[in-house]
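Student: sequence and predicted structure are below.
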Amino acid sequence: MTNKGYFDNWLYMVIGVYHKQESPYGWTKRKLNYKPFGFERKDFKQCEDIRLYIETAVKHVYDNFPEEEIEEFYNRVIAAISWI
């Protein structure tokens, strides 16, 4: 498989914001708190649109969420979709 280029292979993106609670018994409970509408690749103009989409979804649920965690997730998303 060859790399077609940055963002060429994905068509649609949607994220969900979950609350995660780990149990001392080994299982992890996840509750979906918010899932905004997704967007198509053709609808965004630059990488910052993806970061804004992520940040808006997280801030819809959490008032004070660490910026570095949002940045880390954004970087993982960009790395994943740039090499599909």
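Tutor: Sure thing, it's come through. Remember, it's a predicted structure, so these values are computed and weren't measured experimentally.

Student: what about the nearest residue to T28 once chain neighbours are set aside, neighbour count?
Tutor: Spatial nearest neighbour of T28, excluding adjacent residues (C-beta to C-beta, 6 or more residues apart in numbering): E22 at 5.1 Å. For the C-beta atoms, the positions are set from N, CA and C on the backbone; glycine is no exception. The number of residues packed near E22 is 9, by other C-beta atoms under 10 Å.

Student: buried residues, the helix or strand that contains A79. List them.
Tutor: Element membership for A79 (DSSP states H and E) is helix 67-82. Using 16 or more other C-beta atoms under 10 Å as the test for burial, helix 67-82 gives 70, 74, 77, 81.

Student: quick one: these as TSV, columns for pLDDT and distance to F37 too.
Tutor: Converted to TSV, these look like this (pLDDT from 0 to 100; distance: C-beta to C-beta, whole Å):
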residue	pLDDT	distance to F37
I70	92	19
Y74	90	19
V77	86	17
I81	75	18
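
Student: okay, now the unreliable bits of this protein?
Tutor: 1-9, 83-84 (pLDDT under 70).

Student: going along the chain, name the strands of it.
Tutor: Taking DSSP state E, the strands of the chain run over residues 12-13, 17-22, 28-34, 39-40.

Student: would JSON lines of those with distance to T56 be doable?
Tutor: Listed next are these as JSON lines, based on distance: least, C-beta to C-beta, whole Å:
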{"stretch": "strand 12-13", "distance to T56": "13"}
{"stretch": "strand 17-22", "distance to T56": "10"}
{"stretch": "strand 28-34", "distance to T56": "10"}
{"stretch": "strand 39-40", "distance to T56": "11"}
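
Student: mind checking which of the ones you listed is nearest I50?
Tutor: Smallest distance to I50 across the strands of the chain (C-beta to C-beta): 7.2 Å, for strand 12-13.

Student: ok, residues contacting stretch 70-81?
Tutor: 7, 9-10, 13, 47, 50-51, 54-55, 58 (C-beta atoms under 8 Å, 6 or more residues apart in numbering).
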